[in-house]
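> Got a sequence here, can you model it:
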Amino acid sequence: MAKGKSPMAADEGYCVKCKAKRKISNAQQVKMANGRPALKGVCPVCGTGMFKILPPNAAK
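Prediction:
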């Protein structure tokens, strides 16, 4: 891991509008067109849509 970076929790993503790591609210696990799992929800602070691609083995 790069210096100064910490790993994200499973339900945490990066809000592009706030420019910060935030917990994804109203998170739903979805499957992308290529079959990879992803997490989709909204930022609890600003309401912007958030999307996080999950590792392939995270599919439930």
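> which residues sit against the worst-scoring helix or strand of the chain on mean pLDDT?
Ranked by mean pLDDT, DSSP states H and E, the weakest helix or strand in the chain is strand 12-15, scoring a mean of 92. Contacts with strand 12-15, where a contact means C-beta atoms under 8 Å, 6 or more residues apart in numbering, come from 8, 20-24, 39, 41, 43, 45-46, 48, 50-52. In this view, the C-beta of every residue, glycine as well, is placed from N, C-alpha and C.
> Just the buried residues of it, please?
Under the neighbour-count criterion of 16 or more other C-beta atoms under 10 Å, strand 12-15 has 13, 15 buried.
> Name the residues linked to the closest residue in space to Met50 that isn't next to it in sequence by a beta bridge.
Leaving aside its sequence neighbours, Met50 sits nearest to Gly13 (C-beta to C-beta, 6 or more residues apart in numbering; 4.6 Å). With DSSP bridges as the criterion, Gly13 is bridged to Arg22.
> If anything else comes up later, I'll come back, but that's it for now.
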